[in-house]
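Peer 1: for reference, the sequence and a predicted model appear below.
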Amino acid sequence: MRRVAIFAVVILWAALPVLNADTVILTDGTKIEGKVVEETEEHVKIETENGTKTIPRDSIREVRKQEPPKSPEPEKTPAPSKDKVEPEKPLFTFVHLTDSHCLTTKSNPGKPPKDPAATLVGIKINHWKDLVNSFGILSGTVNYINKEVKPNFVIHTGDVTDKSSLADLKKAKKILDTLKCPYHACQGDHDAVKTEGVYNYLKVFKKRCASFDCKDWHFIMMGIYPSEKELKWLEEDLDKSKEKKVVFFTHRLIAASQLVRFAFKQAGVACLMPKAEKVKKALKEHGNVVMVLSGHVHMNLWMREEGMDTAFTSTDALGERPHQFKLFKIYEDRIEITLFTGHTASDIESGEKGKWTSKAFRTLKLSVEKVEKKKLPKK
């Protein structure tokens, strides 16, 4: 069977010259097949199986040349469809981190809990700050944000340090200065320990209140203990931003559920910002505040306040296990929030990409209508 197949291939190969032969037809009807190798006005040369023949023109009626077989055209890559939908890009992104509690120390208060993320009816019950590694945790997190997250800016909602010493504040700021994007750090209560701490923070970070724009959004930062002058500044700043969507950020909560208030009262810790009601009133009157970001409680909370179309959210402490921060992606019609977890100080300080994990936290739907100017009630 194999010999028959080989013989058939040989026969076909031998027949190829004939199948693809040129033909010279003489005046008497004789056909000579072969390969025409030369044509002039006087003669035609054709190579045949019996040799090359030169035939005078006056003896030839017609010369038929076999056209060479056309090579198959390469397949054309189809042009990209105009209907193909590209992945939607956010207008901008930012990171919210908080409560890094940086402290120069050689010892930690006790051992870490077995389950640092344990909660009871939604309230985190295991709190343990890794103070010994606090600067390494902040530095490793900043490196990860620079390499992998790459936001437009970073917000730190206070307790940058644990005791607000001038040396610790300077060291923490030096780490934050290595971010490859702008950052904004507000003052927490641990950044204002006694009068000395208040002034140490101002020496290093210069201001307790500030505001800035990104695209058509307005961001307002306010420190832990606002003065009456700063509250007036807040109202004036909100007045100037009536046509923008607003995000307000501070250290402590300005709104909390009864459960959260009860839990913190039992722990002997204040959860609400001093003058929280005045701040909340100013935000409510303007009606274009989309979200309020806070720290302080060392929990990932999401709350609504009756009569306000505003989301109140806090992020867990970076300096406390399991070491978390959030990424906010701003779109025209929504905000997508992702929670990043570093787990342990050694994981974060290793600098390995795979040590961090992330998961979707929440999506906040937005009105696509342009924010209209709203008349403030007369005071």
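Peer 2: Nice, I can see it.
Peer 1: could you use CA atoms for every contact and neighbour count after this?
Peer 2: OK.
Peer 1: could you pull out the helices in the stretch 151-300 of the chain for me?
Peer 2: 166-176, 194-205, 228-239, 258-267, 276-286 (DSSP state H, counting those that start in this stretch).
Peer 1: between the ones you listed, which gets the lowest average pLDDT?
Peer 2: Per-stretch mean pLDDT for these is lowest at helix 258-267 (a mean of 88).
Peer 1: can you give me the neighbour number for the closest residue in space to Lys170 that isn't next to it in sequence?
Peer 2: Among residues not flanking Lys170 along the chain, Val204 sits closest, at 6.2 Å (CA to CA, 6 or more residues apart in numbering). Counted with other CA atoms under 10 Å, residues neighbouring Val204 total 16.
Peer 1: can you give me the neighbour number for the residue lying closest to Lys355 once chain neighbours are set aside?
Peer 2: Among residues not flanking Lys355 along the chain, Asp347 sits closest, at 5.6 Å (CA to CA, 6+ apart). Neighbours of Asp347 under the rule other CA under 10 Å: 16.
Peer 1: please, which helix or strand holds Asp347?
Peer 2: According to DSSP states H and E, Asp347 maps onto helix 345-350.
Peer 1: same for that helix, what does it pack against?
Peer 2: Secondary structure elements in contact with helix 345-350, counted by 3 or more CA pairs under 8 Å, 6 or more residues apart in numbering; DSSP states H and E, are helix 134-144.
Peer 1: what's the burial count for Ile337?
Peer 2: With neighbours defined by other CA under 10 Å, the count for Ile337 comes to 20.
Peer 1: list the beta-bridge partners for it.
Peer 2: Phe328, Arg362 (DSSP bridges).
Peer 1: sorry, back to before: quick check: the residue nearest to Lys170 touching Asp168?
Peer 2: No. Between Val204 and Asp168 there is no contact under CA atoms under 8 Å: 10.1 Å.
Peer 1: gap between Thr23 and Pro56?
Peer 2: Distance of Thr23 to Pro56, computed by CA to CA, to the nearest Å: 15 Å.
Peer 1: looking at the two, which one has more neighbours?
Peer 2: Thr23 (20 against 14).
Peer 1: which other helices and strands does whichever strand or helix holds that one contact?
Peer 2: Using DSSP H and E, Thr23 sits within strand 22-26. Helices and strands touching strand 22-26, by 3+ CA pairs under 8 Å, 6+ apart, are strand 31-39, strand 60-64.
Peer 1: out of those strands, which one sits most buried?
Peer 2: Each of the helices and strands packed on strand 22-26 was assessed for mean neighbour count using mean count of other CA atoms under 10 Å. The highest is strand 31-39, with a mean of 17.
Peer 1: so the helix or strand just after that strand versus strand 60-64, what angle?
Peer 2: For strand 31-39, the succeeding helix or strand toward the C-terminus, using DSSP H and E, is strand 43-48. Relative orientation of strand 43-48 and strand 60-64, computed by axes from the mean of the first three to the mean of the last three CA atoms, to 10 degrees: 60 degrees.
Peer 1: for the stretch 51-200 of the chain, give me the ranges with low pLDDT.
Peer 2: Along the stretch 51-200 of the chain, segments meeting pLDDT under 70 span 67-84.
Peer 1: show me the protein divided up by domain.
Peer 2: 2-64, 92-365 (automatic domain parsing).
Peer 1: need those domains in CSV (columns: distance to Glu86).
Peer 2: Below are these laid out as CSV (distance: least, CA to CA, whole Å):
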stretch, distance to Glu86
domain 2-64, 51
domain 92-365, 15
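Peer 1: winner for burial among those domains?
Peer 2: Highest mean neighbour count among these (mean count of other CA under 10 Å): domain 92-365, a mean of 19.
Peer 1: distance between the ends of that domain?
Peer 2: End-to-end for domain 92-365, by CA to CA: 16 Å.
Peer 1: that older thread, and Gln187, which of the helices of the stretch 151-300 of the chain is closest to it?
Peer 2: helix 194-205 (7.3 Å; CA to CA).
Peer 1: tell me which other helices or strands the closest one touches.
Peer 2: helix 166-176.
Peer 1: next, the angle helix 134-144 makes with the helix it packs on.
Peer 2: 20 degrees.
Peer 1: what about the nearest residue to Glu148 once chain neighbours are set aside, distance to Gly268?
Peer 2: Nearest non-adjacent residue to Glu148, counting by CA to CA, 6+ apart: Lys353, 7.8 Å away. Using CA to CA, Lys353 is found at 39 Å from Gly268.
Peer 1: Ile337 against Thr363, yeah?
Peer 2: Yes. In this structure, Ile337 is within contact of Thr363 by CA under 8 Å, at 6.0 Å.
Peer 1: contacting residues around the closest residue to Tyr199 other than its chain neighbours?
Peer 2: In this structure, Tyr199 finds its nearest non-sequential neighbour in Ala192, 7.8 Å apart by CA to CA, 6+ apart. With contact set as CA atoms under 8 Å, 6 or more residues apart in numbering, Ala192 has these partners: 163-164, 198-201.
Peer 1: farthest-apart pair in those, please.
Peer 2: Maximum distance among these (CA to CA): 12.7 Å, for Lys163 and Tyr199.
Peer 1: residues contacting Glu86?
Peer 2: Taking CA under 8 Å, 6+ apart as the definition, Glu86 has no contacts.
Peer 1: and if you look at the one 10 residues further on?
Peer 2: Contact partners of His96, counting by CA under 8 Å, 6+ apart, are 154-157, 315, 325-328.
Peer 1: just want the most central residue of this structure.
Peer 2: Nearest to the mean C-alpha position of the chain, by CA atoms, centre = their mean, lies Val149 at 5.5 Å.
Peer 1: can you give me the distance of Ala118 to Phe340?
Peer 2: Ala118 sits 17 Å away from Phe340 when distances are taken as CA to CA.
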